[in-house]
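1. need a 3D model of the following:
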Amino acid sequence: MVLTQIKKDAWVHTTYTEIQGNKIGANGLVLSTSKGIVLVDATWDDKLAKQLLHMIKKEFNKPVKLKQ
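-> As a prediction, this is how the structure comes out:
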């Protein structure tokens, strides 16, 4: 799982899963606002989503206010 900053308050998160022996990446968006974090397109599955939420909490120390 990787967070890549693309603007002052915007990051792309990339998570990976394996499908038929191939490592496949998926991207989503993390926006930091004055009211909290907006998360667009969480991840492949619930396990990765929990890891992403933990990473966001550690990195930004703000609550996730909206998940799309």
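2. helix, strand, or coil at residue 57?
-> Of the three states, residue 57 takes helix under DSSP: H, G, I helix; E, B strand; the rest coil.
3. could you tell me how many residues sit around the closest residue to residue 6 other than its chain neighbours?
-> Nearest residue to residue 6 in three dimensions, chain neighbours excluded: residue 12, at 5.7 Å (CB to CB, 6 or more residues apart in numbering). Where C-beta positions appear, they are placed from N, C-alpha and C, glycine not excepted. Applying other CB atoms under 10 Å, we find 15 residues neighbouring residue 12.
4. my guess is residue 12 meets residue 26, correct?
-> No. Residue 12 lies out of contact with residue 26 (CB atoms under 8 Å); the separation is 10.5 Å.
5. any shared contact partners between these two?
-> Shared contacts of residue 12 and residue 26 (CB atoms under 8 Å, 6 or more residues apart in numbering): none.
6. that's a strand at the residue nearest to residue 6, yeah?
-> Yes. Under three-state DSSP, residue 12 falls within a strand.
7. and stretch 56-68, which residues are buried?
-> For stretch 56-68, the neighbour count (16 or more other CB atoms under 10 Å) marks 56, 64 as buried.
8. rewinding a little: got the contact list for the residue nearest to residue 6?
-> 3-4, 6, 27-30.
9. out of these, who's nearest residue 40?
-> Each of the contacts of residue 12 was scored against residue 40 by CB to CB, and residue 29 proved nearest at 4.0 Å.
10. using the three-state scheme, assign residue 47.
-> helix.
11. gap between residue 57 and residue 36?
-> 11 Å (CB to CB, to the nearest Å).
12. residues shared between the contacts of those two?
-> residue 64.
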